[in-house]
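> After the sequence you'll find the predicted model.
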Amino acid sequence: MKILIIVPVFNEEQNIQKCINSLLTQTIKIEQITIVNDNSNDHTESIIQKFFASNDKINYIKKEDSDQIPKPGKKIIQAFKYGLFNSIKDYDLIGKFDGDLILPRDYFESLVIEFKKNPNLGLASGVIAINREKKWIVEKMYDKNHVRGGIKLYSKKAFDKIDGLTDSIGWDTLDEMKLLYYNYQIKVKHEIICKQMRETGKRYSNYKYLNQGRVMYLLGYDIILCLIGSLKFSLKEMSIKPFFISFYSFLKSWFRNEKKIVNNKLSKFVRSYRYSNILKKIK
């Protein structure tokens, strides 16, 4: 299976070298590794250039028309799409990966086995761990079967069916909802642990729950689902503050009648899927 990996990066001078090394030392061949420098203003470019000069697997692209401010969703997916447009077209699997990750050497070998076994598998990944007190601990801030945005590997057939990725906040849940809607399967292999060198959401921590509330609206949640989701945020943080922030953000988008990233059919599917999962957990 031919694999194309796209890594959008912005100001990753502390992490990108280890990330690229972990991609280059995989136990199976990666056809192309496209690194998109998304207008970084640190030493990211010079580090990537060293790899680009000595390895023909690396496809280095510089994107200079984006803001030099980290933003969740839109910025990174626009960089991903720019990389995709300037990459090889002949591939079987396509991955979107972040530049602050160290992958185990058999990451792609393990996932290729899953794709070969199951032709209906649309998306697969391992899990992410962060370093706390010198121990790598798997993050449990999301549903255990959610494929994290920095380590996604899609089959080309499924990727094309969902029209690729949407340049919006909430893209990394929308892709899963679309895949499930089209009856593709998703798999998370919990024994495959990827090391993330920067804590999840640290760049966007000031807006975390404002973003979460808006995402729930954009994905077509109703008020009850928003209330449940906001309550979960507060229970995880052991604080009432996330509940009010996320619910306020949801209502703000609602009253503004902001355009959603789902159509009516997909919105209905998302709500049905979420309620079904809630009932399963209650039982």
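Ah, there it is. Numbers count the residues shown, from 1 in each chain.

> you'd agree Ser246 is up against Gln212?
Yes. Counting by CB atoms under 8 Å, Ser246 sits close enough to Gln212 to count as a contact (4.7 Å). Bear in mind the C-beta positions are built from the backbone N, C-alpha and C, glycine included.

> Which residue of the two possesses the greater neighbour count?
Applying other CB atoms under 10 Å to Ser246 and Gln212 shows that Ser246 carries more neighbours, namely 27 against 23.

> tell me the mean pLDDT over the longest helix seen in the chain?
Assignment by DSSP state H gives helix 264-282 as the longest helix of the chain. Mean pLDDT, computed over helix 264-282, is 94.

> what do you get for stretch 83-98?
Here the average pLDDT along stretch 83-98 is 97.

> The one residue sitting closest to the centre of the chain - nearest residue in space that isn't next to it in sequence?
In the chain, the centroid-proximal residue (CA atoms, centre = their mean) is Gly149; its distance is 1.1 Å. Of all residues not flanking Gly149 in the chain, Asp172 sits nearest, at 3.7 Å (CB to CB, 6 or more residues apart in numbering).

> tell me the domain ranges of this structure?
Domain assignment of the chain by automatic domain parsing yields the ranges 3-196, 205-282.

> where do the contact lists of Ser246 and Gln212 overlap?
Common neighbours of Ser246 and Gln212, using CB atoms under 8 Å, 6 or more residues apart in numbering, are Gly229, Ser230, Phe233.

> Neighbour-wise, give me the winner out of the residues you listed.
Ser230 (24 neighbours).

> contacting residues for that one?
Gln212, Gly213, Pro242, Phe243, Phe244, Ser246, Phe247, Phe250.

> Quick one, which of the residues you listed are buried?
Gln212, Gly213, Pro242, Phe243, Ser246, Phe247, Phe250 (16 or more other CB atoms under 10 Å).

> pLDDT below threshold where in this structure?
Low-confidence segments of the chain (pLDDT under 70): 68, 70-71, 200-206.

> go again using 90 as the cut-off
64-74, 132-135, 138-145, 198-209, 233, 236-237, 280-283 (pLDDT under 90).

> so where do the helices sit in it?
16-24, 44-54, 74-85, 107-117, 156-161, 171-181, 208-218, 223-237, 241-255, 264-282.

> what's near enough to touch Leu251?
Gly213.

> my bad, should have said Phe159
Ile94, Gly122.

> separation between it and Phe108?
16 Å (CB to CB, to the nearest Å).

> Other residues contacting stretch 40-60?
Taking CB under 8 Å, 6+ apart as the rule, stretch 40-60 contacts 9-13, 16-17, 20, 24, 30-35, 37, 62, 68, 83, 86-88, 99.

> filter the residues you listed to the buried ones?
For the contacts of stretch 40-60, buried by 16+ other CB under 10 Å: 9-13, 16-17, 20, 30-35, 37, 83, 87, 99.

> Keep only those of the residues you listed that are in strands.
Val9, Gln32, Ile33, Thr34, Ile35, Asn37 (DSSP state E).

> and of those, the nearest to Lys189?
Among those, Ile33 lies closest to Lys189 (CB to CB), at 21.2 Å.

> what sits opposite that closest one in the beta ladder?
Assessed by DSSP bridges, Ile33 has beta-bridge partners Ile5, Ile58.

> Please give me every residue in contact with it.
Ile5, Val7, Ile20, Leu23, Leu24, Lys57, Ile58, Asn59.

> which residue packs closest to the fourth one, ignoring adjacent ones?
I take that to be Leu23. Ile33 (5.3 Å).

> Check the spacing between Gly213 and Ser246 real quick.
4 Å.

> quick one on the thing from earlier: wait, doesn't the residue nearest to the centre of the chain sit right on Asp98?
Yes. In terms of CB under 8 Å, Gly149 counts as a neighbour of Asp98; the distance is 7.3 Å.
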